[in-house]
Every structure is written in structure tokens, then in C-alpha cells.
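In: Following is a predicted model, sequence given first.
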Amino acid sequence: MSSINVIEKERTLIINPLKTCQPLGAMFAVMGVHHGFPLVHGSQGCSTFVRYNFARHFREPAEIAVSSLHEDAAVFGGRKNINSGIKNLALRFKPDLIGAITTCSSEIIGDDVFGFVDTTKKELKEMSQDVKGLDKIEVIPIPTPSFVGNHFTGYDIGVKALVDNLAEATEPTEKVNIIPGMVNPGDIREIKHIMSLLGIEGVMLTDTSDPFDSPLRPSVTPTKPYFPKGGTTVDEIRDSANSKGTIALCKYAGSAANSLEKKHDVPAIIESPPIGLQNTDLFLRNLKKLTDCPIPDSILDERGMLVDLIADNAARYLFDKKVAIYGDPDITTGIARFIGELGMEPTMVCTGANSKNFTPDMEKISKETGCDIDVLFEQDMWSFEVYLKENPVDLMIGPSDGRLLAQDLGIPLIRVGFPVYDRIGYHRHPIVGYNGGMRLMELITNAVLEKYYQPTHWKLQQ
Amino acid sequence: MEPVIETFESRKKHMCVKGEGLSIPVCDKASLPGTVTQRTCVYGGARIVLMPITDSIHLVHGPIGCAACTWDIRGSKSSREDLYKKGCSTDLQEKDIVFGGEKKLFETVLELNELYKPGAIFVYATCVAGVIGDDIKAVCKKSEEITGCRVIPVQSEGFQDHNKTKGHWIGCDALLDYVIGTKEPETTTPYDINIVGEFNVAGDLWGIKPLIEEMGINIISTITGDSHVDEIAQSHRAKLNIVQCQKSSNYLAQKMEKKYKIPSIKVNFFGLQQTVNSLREIADFFGDEEMIERTEKIIESGLKEVEHKTDEYKERLNGKTVSLYVGGNKAWSLVRAFEEVGMDVIMSGTKNGIREDYERIKEAVRDGTVIVDDANSTELARLLKKYKPNLLISGAKEKYISLKLGIPFCDFNHDRISAFAGFKGFISFAKEVDASVSSPVFNLNYTSLKGD
């Protein structure tokens, strides 16, 4: 009987983290709002280093404003900074929405961001007599102290704050709300593609696909001010209260779904991301459950192509290979299950977050695959490294931060998740859905062929 | 006077045109809240100065983000250890905020010492450490006594100041207070120097070091590129400090001059003429006839080595315009190098400049050049649209703003690919600049399919 073995960190210290702090997740969520602008209430580094990290992963501009807290604020409070910050941002950019995101410093000095935002909104209303439209800007307080949770919980708080402040029950619609999680533009586009094949209109909470992957067209790129294409509009978020249901495609970000269910009777489904066959099947079943839509042949053909690809190659090249997966708790869970579907063994999984579903989900996957899984829970890259040196595997799957270790140990690394900064194109291709499954399958198989088969091997010729 | 570009009233005087009235912009002021500032925090400043010390652990005392977003992001190369690349954090949690993080910090330092036996452990204070009032100095002292490892407090609370330069100084202070002068060199020579403010980004140091050693000079330490903490500890015995990044490290050189009577000269190894001048100045300082002779030979062979190697690039770059928007030093130190490849610097600016930095820029650029202080992303975009340079030189955050406007870009910041310093570095410099400016994509860009 297969089982899991949970290995927790035996140090106080973190070496080479696999998580970051809450504000980053909240910024990510706000970046997915059409003409939405994150305003970080904290030090300049709190926005700058996050912009750096977004820029190197997506290779796109990441416009994030900051209230520039300085020492005087620690003594007198940061009210002046957030107040003038919102007004300056409103005047210069006239965004549709500002997410006022707190940090460790603004939280500890006791800034009441909710109160400050209320006051500032009143001022914006007065100012709108001179500058039209300022009163129409939504300003949403998002409390994300950096010493609580991690960037995944920050994303959850961000999406919930948007929904709680905006969702408004009016006329019921046939739409389905989707909380995609901190995934790539390619993933969100694949989710939309699946829904369009099923004839379902969705509300993405929120849609970072175009903002984080936009065309270079100087003639049409707005620079006065600059806003990227796309994102979910404020009206669409308002309308989320009228949808047939909400599906959170990651277990760490279900709060908005639960909140919509509680306040507006919108049924909530909170599941793992649709990575691999069974998890994508589950996503389709859930969509069907909410909308009673038929499942068209077009999507079954896509499914069939993934099955075909696996049938053609998995047993031949992948069977029995041992895989270590690390990073985002939900992406890791999804990939572990898919690895099982390919006949490989997810012998070790590692996450930096303390997501409560991680261990129980791995237990299920262990039973399903018949594989013993070592679960490094709330761990860091150092533990991952120490483990791998003692327990070799054939493949590593996770973000770029494992690249040096992969090189040292001579293990192929298949890059997924955030951040991937040492290869290009990874943000544009999906890993979710049947198409994402094919992409992953190809990446994995080609890595195995490259590493474990001589070019002269007869197996490669047929 | 007409403002350079349209912006907030309070920001207008942060931009000027040399030769037209005000030639030095208003600077060193807090950024306007609510703008997309290109600046960072004081912690970021301290970290980049100290991070290139390769045999040391850099431990960030704060919530996880301060370490998670900054580990291994500076392209400072090492010829020996790679300990400095690790991202270490105390990962402060809510209970630590309530009860204080000193105990956690103490345990963490002990664990690090046990794991790595590093040359030193630098402990960086973040905003949170400052607000909750953790006594980092006391913890460092206590753990140093127990471990015997150097444990060095860096009082770099992020929000201390609007200017990252303060962080550079804090980093330098940590070296002055806890490292420099704590070890005596086994032997000394009359020609001992330190290379100060050279961080070995992309391996720049390795283009400079052989030239200087060939002159007959002994380099005690580089502060801080590719260095060990023990080498910096002996730096007080140098006869001369040569300062490459004057933005971050003049402060250190001045303090060392005061404390140890070590004179300093400002050098610049970007560009051929600047490299030649710098080598001559160093030789002149020592006044040794043989050394001066040797130096001339080094210069001669160095120049010969690069002769005609950049002709191809220069041909394409001639007459092209470039804008610089950088942290500080490069805003003036690169100007001559660009002129040598035939390019025209039409704008130069810094994110964290102080008045003396802008004096330097003013001296370096010709009349009509736009000088900019602390331009936020909107202002930068407007400047680029107005002046349409053929190239922007800046860092990762600015890169995609520029490219989205169809303006070629070259990263001269932490993510630089090639070493530019010294004679051979000049070839890489010309090559990389040419690769960006002459990329065919920028000619394909405007083809209209709509027929409009």
C-alpha cells in the first residue's frame, strides 16, 4: 500500500525561498483588471522588486505604483502618502480601478487603509467637479501584511477584495466565474478556449492574459497614459454576483468563490488546476454541472489527441521514470497527478507554502498512482537540494530557481510555474487543459529523449 | 521656461536641458506618492553594495519577500565561492512581530554558521525589523561571540530614506565599522591598492585587474566585486584607493581617507580614452618611472589589441542617439564610451542622483542634452516619445517600457551580459550596443498591412 511521507523543515532559517510575501499576489490579481492599477502602500522596494520579478518572467512592463513610505510615516502614520498617492494616480492615469495594497510596514504602523480609502474617495468626488471622471474610479483596499501567509494567500485576498467590493446582484446571467490562480497568460487563454468550445461565457477573476502578454504595436499602444491591453472590466467583476457559479481553479484562492456563494447564492466549486487528463475532465464536469452544457465533439477530439499522444509515447519512453516536482502548491499537485497518468512516479513533491490541501491531495495521488511520495511541506530550495542529493530522480519539474541544481546534478529540468526567467515562451504556452497536457507531455518526453537516449538508439527511429 | 515634458508641477524642475537656464535638475527629493517610481528602497541599496562579497552569507531579517524578490538577481560574478548567491531569510511571521524577532534571528545565524562556516554573515535589517525595534546589533554581537564567525549588522531598514544612496552608505558603514582594519596583511608593498566600487557585474573586474597587476601593483582587495571578507579586512593598509563606481563608493573612499589616510583617485574603465587616462593617473600617483614606462607599454598593446575591432560597429552606430537612465555612476561614466563609438548622448538621468552626481553629468554631456532626475515610468515614456533616441540604456524595469514604444534597449544594469571594462571590454561594449541598435526588428515594425 503506497503512502506519503511528510518531511517538514527542521530549521528556523529559510534558504532559497519557494514563496514570497502576500503583496505580490495581490498585485498580480489587480494587474488582471482592465485599466486596473495596483498601488502598494509601503516602501519603494515593495513595488520595485515585484516589478522586476514580473518583468523578467513575462518580459512585459509591469506598472505598479507605490505610496513611497519613509521614516516620518513610521512616526506620524502613512495617511498622507496613501491619500496623495491615490489622488496622484487618479489624476495621472484615470484608471478604472485602484487596488490599495498594504505591506508589512503600513500594517505594523497601524495605518487604517479602509478609513483612508473612504476619506480619499470623498475627496476624489469633490475633485471630480474640476476633473471629470475621478469619482468613477473604484478604489479597493486590500490588506496584505507581508508577515502573514504567502503570495498565494495574497492573491486570494486580492481577488476576494475585488469581488466583495464590486459584485452586485442584478439580473442572473448564464456566465461562469473562473478564479484562474497565479497562472500564465497561456493558461488563461486555454481556459477561455475550453469554455468557448462549450459555449460558456466566463468572468475571469482576474484576467492577466493580455496585460502580461501584449503585442508590440507602438501605433496603437496607449501611452497617455500607458495601459496594457485586456483584463477583466470592473463591470464584469460587478456582474460576477449574477453568474451560474464560480470555479476556483486552485485551492488556495477559493475565498472569493465562497464569498459569492454566501452573499449572492452563486454556487462555489474549488478544485485543483485542470492539469492533465483527469483534472481537465473534472473541470469539464464542473462546467457541465453548473451550466448543463453539452460536451461537444471538438473538445472530445482535443482530449483524444492528448490520449493519443500519451498512448504513442508514454509507455515507450517515460514509464517508471522518477520525478521531483516543486513550487506552487496547486500546480505541483496537478502535475504530480499528470505524471502518474503518464506512468511515471512523482517520488517527491516540494512546496514553500503551507496550503492545507497539499498533503491530503498528495495522499490521494499516492493511492491513485501506487507510488510512495515524499512530501516536503513548507520547505525551501535548500531542503529540496539536500533531498535530491541523497535520493536521485530522473527529472525535475518547477520554476527556474532550480536551474543550477539541475545543472549540478545533471537532471533535466522542465520549467513550469513562476518564475521562469531563463527560457522564453513559457508564459505564453498553457500547461492546463488538454492542449496544456500535450505541451507538458512534449516537453517531458523530449527532455527524457535528449538526456536518456543516445541519438543512435533504435527506439528513436519509430 | 517651457517644461521638458508635461508632468506634475512639482516634478517639472527635476528635468532640464544643459545650457538652457537651469543645468542641474532639482534632485534628492522624495518621489511623489502614487507614481510608478523606478527607485527602490534603502535595503536594496545596501544589498547591492555588499552582495558581491562571495564567501559571505547575506541574511535578510524580515518577512520573506525582502529576500525572495532579491536573491541572486545581481550579475556579479565570482571566481571562487557562490555562497553569496543564496537567498537567506528569517521569514518573520505575525508572532515574531508581536514578540520580537531577535530570538529567531539568533537561531538563524547559528544555523547558517553550522551549515556553511561562511567568511561572514551580513544581517540586513528591513522595514519590519526597524519598526518592531529588534536590536540587531546586540544579536550579531552575541552570535559572533558564540560562533566565532563574523556576524555583521547592516542597518538598512527599507523606508529610512527616499534615496537608495543612503543604502549604499549604510553598506559601506558596515564594512568600515566591522570589517576594514580587522586583519593585518602578511606582507605589504609600496604599491598596494584597493579597487573600490567595482562589483564585477558580468566580470568587469577581470578586464581591469590584469592591467593593473601588469603595472606592478598589488591589489589588496576589491570592494566588493569577487571579494572575500578577509581581503577587505586588510584593505586599510593600501597606499591608494581607486574608485570606479563613484556613486556608491566615494563615501567609503572618503571615510578611509579620513580614518586611514589613504588617498583616492576616481577612475573610469568604460571606454578607451577613459581607460588610458585611468591607468596613467594610477601610474602618476606612484610616480615610479619604471611603472610609468610599463604602463605606456600596456596602453600601447591594449589599444593595438582593439584597433579596427570595432570599426564595423562604429560604422553602423555613427550619428545614432542614445539616452541613459541609470542608477547613478553610468550616467556620466558611459558618456565618453558612447562618443567613442560615434553615438550622441541626448539624455542622461539617474534615479537616485544627488547634486554632486548631476554636477558630474553636466560636465560630461554637451549643451542641449536633457538631464533627468527620478523620472517615473510615465515620464520616461513621454521623454522617449518626445526625443526618440535610437537606444535606451537602463535596467530590467525600464526595458519593456522602452521596447513597447519600439525603442531599442540595452541592459547595462545588474543583468548585463558582457563585461565592458578595459580595452577588450570596449569591443564587447560596441558589439552589444550595435546588436541592440541595429536589430532588424525595429525596421520591420512599422510595415502597414491595412494600407493606411
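Out: Received, thanks. Residues are numbered from 1 along each chain as shown, chains lettered A, B, ... in the order given.
In: Show me the helices in the stretch 301-450 of chain B, by range?
Out: B:311-317, B:330-333, B:335-340, B:355-364, B:377-387, B:396-404, B:422-437, B:441-444 (DSSP state H, counting those that start in this stretch).
In: Identify whichever of those helices lies nearest to chain A.
Out: Set against chain A and scored by CB to the nearest CB, these come closest in helix B:396-404, at 4.2 Å. (Glycine included, C-beta is placed from N, CA and C.)
In: Give me the residues contacting the closest one.
Out: The contact list for helix B:396-404 (CB atoms under 8 Å, 6 or more residues apart in numbering or on different chains) reads A:48, A:51-52, A:55-56, A:59-62, A:214, A:216, A:218, A:221, A:226, B:38, B:325, B:377, B:380-381, B:384, B:392, B:394, B:408-409, B:411, B:413-415.
In: quick one on the thing from earlier: please name whichever of the helices of the stretch 301-450 of chain B is nearest to A:I275.
Out: helix B:396-404 (28.5 Å; CB to CB).
In: same for the stretch of helix or strand B:K258 belongs to, what does it pack against?
Out: For B:K258, the host element (DSSP states H and E) is helix B:246-260. The helices and strands touching helix B:246-260, judged by 3 or more CB pairs under 8 Å, 6 or more residues apart in numbering or on different chains; DSSP states H and E, are helix B:42-50, helix B:164-178, strand B:192-198, strand B:240-243, strand B:264-266.
In: What parts of the stretch 251-400 of chain A come near chain B?
Out: Residues of the stretch 251-400 of chain A lying close to chain B (CB under 8 Å from any CB of the partner chain) are A:W382.
In: Now do the same contact list for whichever residue of the stretch 251-400 of chain A sits closest to chain B.
Out: Across the stretch 251-400 of chain A, the shortest distance to chain B (CB to the nearest CB) belongs to A:W382, at 7.8 Å. The contact partners of A:W382, by CB under 8 Å, 6+ apart, come to A:15-16, B:86.
In: And A:N177, by the same measure?
Out: By CB under 8 Å, 6+ apart, the residues touching A:N177 are A:202-203, A:205, A:240, A:243, A:245-247, A:257, A:260, A:266.
In: change it to 7 Å
Out: With contact taken as CB atoms under 7 Å, 6 or more residues apart in numbering or on different chains, A:N177 is in contact with A:203, A:205, A:240, A:243, A:246, A:260, A:266.
In: what about the first one, is that helix, strand or coil?
Out: Using DSSP: H, G, I helix; E, B strand; the rest coil as the criterion, the local structure at A:V203 reads strand.
In: What is the neighbour count of it?
Out: 24 (other CB atoms under 10 Å in any protein chain shown).
In: Please name the bridge partners of it.
Out: Under DSSP bridges, the beta-bridge partners of A:V203 are A:N177.
In: That one contacts A:D239, correct?
Out: Yes - when contacts are counted by CB atoms under 7 Å, A:V203 is listed as touching A:D239 (6.4 Å).
In: rewinding a little: in CSV: the contacts of A:N177, plus secondary structure.
Out: As requested, the contacts of A:N177 are exported to CSV (three-state DSSP):
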residue, secondary structure
A:V203, strand
A:L205, coil
A:S240, helix
A:S243, coil
A:T246, strand
A:L260, helix
A:V266, coil
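In: can you tell me which two in the residues you listed are farthest apart?
Out: A:L205 and A:V266 (11.4 Å).
In: per-domain residue ranges of chain B.
Out: Structurally, chain B divides into domains by automatic domain parsing as follows: B:42-178, B:192-306, B:311-444.
In: how about the residue lying closest to A:D394 once chain neighbours are set aside, what does it touch?
Out: Excluding the flanking residues, the one nearest A:D394 by CB to CB, 6 or more residues apart in numbering or on different chains is A:K321, at 4.3 Å. If you count contacts by CB under 7 Å, 6+ apart, A:K321 has them with A:344, A:394-395, A:448.
In: same deal with A:M305?
Out: A:434, A:438.
In: got it, and B:S439?
Out: B:P408.
In: Read off the pLDDT value for it.
Out: The model reports B:S439 with a pLDDT of 93.
In: Kindly report the same for B:G451.
Out: 63.
In: For stretch B:400-420, list every residue counted as buried.
Out: For stretch B:400-420, the neighbour count (16 or more other CB atoms under 10 Å in any protein chain shown) marks B:400-416, B:418-420 as buried.
In: Tell me which entries of these lie within strands.
Out: The members of the buried residues of stretch B:400-420 that map onto strands under DSSP state E are B:409-411.
In: From these, which shows the smallest pLDDT?
Out: Ranked by pLDDT, these bottom out at B:D411, which has 88.
In: Tell me if I'm right that that residue and B:L391 touch.
Out: No - the criterion here is CB under 7 Å, and B:D411 misses it with B:L391 at 11.4 Å.
In: And A:S3, how close does it get to A:K322?
Out: 17 Å (CB to CB, to the nearest Å).
In: The two: who's more crowded?
Out: Shown here are A:S3 and A:K322; by other CB under 10 Å, A:K322 has more neighbours (17 against 10).
In: Kindly indicate which of the contacts of A:W382 lies nearest B:S249.
Out: Looking across the contacts of A:W382 and measuring by CB to CB, the closest to B:S249 is B:K86, at 24.3 Å.
In: Just to check, the closest one is in contact with A:L13?
Out: No - at 10.4 Å, B:K86 does not count as touching A:L13 under the criterion of CB under 7 Å.
In: quick revisit: mean neighbour count, the helices of the stretch 301-450 of chain B: which tops it?
Out: Mean neighbour count, computed with mean count of other CB atoms under 10 Å in any protein chain shown, is highest for helix B:330-333 among the helices of the stretch 301-450 of chain B, reaching a mean of 25.
In: If we go by neighbour counts, what in the helix holding B:K258 is buried?
Out: B:246-253, B:255-256.
In: same check, this time on stretch A:87-97
Out: A:87-90, A:92-97.
In: Likewise for stretch A:426-443?
Out: Counting neighbours by 16+ other CB under 10 Å, stretch A:426-443 gives A:426-441, A:443 as buried.
In: Ok, stretch B:26-43 next?
Out: B:26-28, B:30-43.
In: What of stretch B:153-167?
Out: Buried, per 16+ other CB under 10 Å, within stretch B:153-167: B:153-167.
In: farthest pair in the residues you listed?
Out: The span of the buried residues of stretch B:153-167, defined through CB to CB, is set by B:P153 and B:H162 at 22.8 Å.
In: number of nearby residues for A:T232?
Out: Residues lying near A:T232 (other CB under 10 Å) number 25.
In: Would you mind listing what in the stretch 51-200 of chain A touches chain B?
Out: By CB under 7 Å from any CB of the partner chain, the residues of the stretch 51-200 of chain A that approach chain B are A:51-53, A:55-56, A:59-61, A:63-71, A:73-74, A:81, A:84-89, A:92, A:104-105, A:108-109, A:146-148.
In: Figure out the length between the terminal residues of stretch A:27-39.
Out: 8 Å (CA to CA, to the nearest Å).
In: what does the average pLDDT come to for that stretch?
Out: 98.
In: so does that stretch get close to chain B?
Out: Yes - Stretch A:27-39 is in contact with chain B by CB under 7 Å from any CB, via A:L39.
In: Which positions within that stretch qualify as buried?
Out: A:27-39.
In: Give me the contact list for it.
Out: If you take CB under 7 Å, 6+ apart as the criterion, stretch A:27-39 is touched by A:40, A:50, A:63-65, A:67, A:85-86, A:89, A:93, A:95-101, A:155, A:158-159, A:162, A:182, A:204, A:206-208, A:211-212, A:227, A:230-234, B:34.
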